[in-house]
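Asker: quick one, what's the 3D model for this:
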Amino acid sequence: MNTVISHSLEETKEIAKKWLMDISAGNDSSEAVIIGLCGSLGSGKTTFIQAVASALGVKEHVTSPTFVLMKLYEINSKVGLFSWKRLVHIDAYRLEKPEEVEALNFESIVSDSHNLVLIEWADNIEKALPQDWKRIDFETLGEDERGIVFTGREE
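Answerer: Sure thing, here's the model as predicted:
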């Protein structure tokens, strides 16, 4: 487990970029990389995903898909450091049962090695996630401070 504290948006961006490099270096999976982001409202989950998208060269403005549940973003292949082609952003906040994620064609998404799948409120659908998913916990420590706990490949 690796815990870091971000004191600003700029620090969060740097933390996300370093984390992305770490998981990319260790990625040899034939399936999607699944990352669950957990924490209370306003704890930094969406901000972290926006920073990851920026580092991946995603051109669109990334917002939380709370009402549409999922958004797909093409990863800029010119970045060249990553094997993923798509960032899949899922927000499970409104899901009450793990089975509800099946409506998103979830099995197909997680079986595609070209996908990096980031799931906000992953604890709501934990039983539907593949066994090898990784977890990041977010905690509000102050107005601009966030605790970020990585569990998995960074250890």
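Asker: what's the average pLDDT for stretch 98-105?
Answerer: Across stretch 98-105, pLDDT averages out at 86.
Asker: how near is residue 120 to residue 7?
Answerer: Taking Cβ to Cβ, to the nearest Å as the measure, residue 120 and residue 7 are separated by 22 Å. (C-beta placed from N, C-alpha, C; glycine too.)
Asker: please say which of those two ends up with more neighbours.
Answerer: The neighbour count for residue 120 versus residue 7, taken as other Cβ atoms under 10 Å, is higher for residue 120 (22 against 12).
Asker: tell me the confidence at that one?
Answerer: 96.
Asker: so the residue nearest to the spatial centre of the chain, which of the three states?
Answerer: Centroid check for the chain by Cα atoms, centre = their mean gives residue 118 as the closest residue, at 2.7 Å. Residue 118 carries the three-state label strand when classified by DSSP: H, G, I helix; E, B strand; the rest coil.
Asker: residue contacts, it?
Answerer: 35, 37, 49, 52, 87-90 (Cβ atoms under 8 Å, 6 or more residues apart in numbering).
Asker: please apply the same query to residue 39.
Answerer: Going by Cβ under 8 Å, 6+ apart, the list of residues near residue 39 reads 45, 137-140.
Asker: in the protein, which spans are strands?
Answerer: Using DSSP state E, the strands of the chain run over 2-6, 33-39, 70-74, 86-91, 115-120, 134-140, 146-151.
Asker: which positions within the longest helix seen in the chain qualify as buried?
Answerer: Determined from DSSP state H, the single longest helix within the chain is helix 9-25. For helix 9-25, burial by neighbour count (16 or more other Cβ atoms under 10 Å) applies to 11-13, 15-16, 19-20, 23-24.
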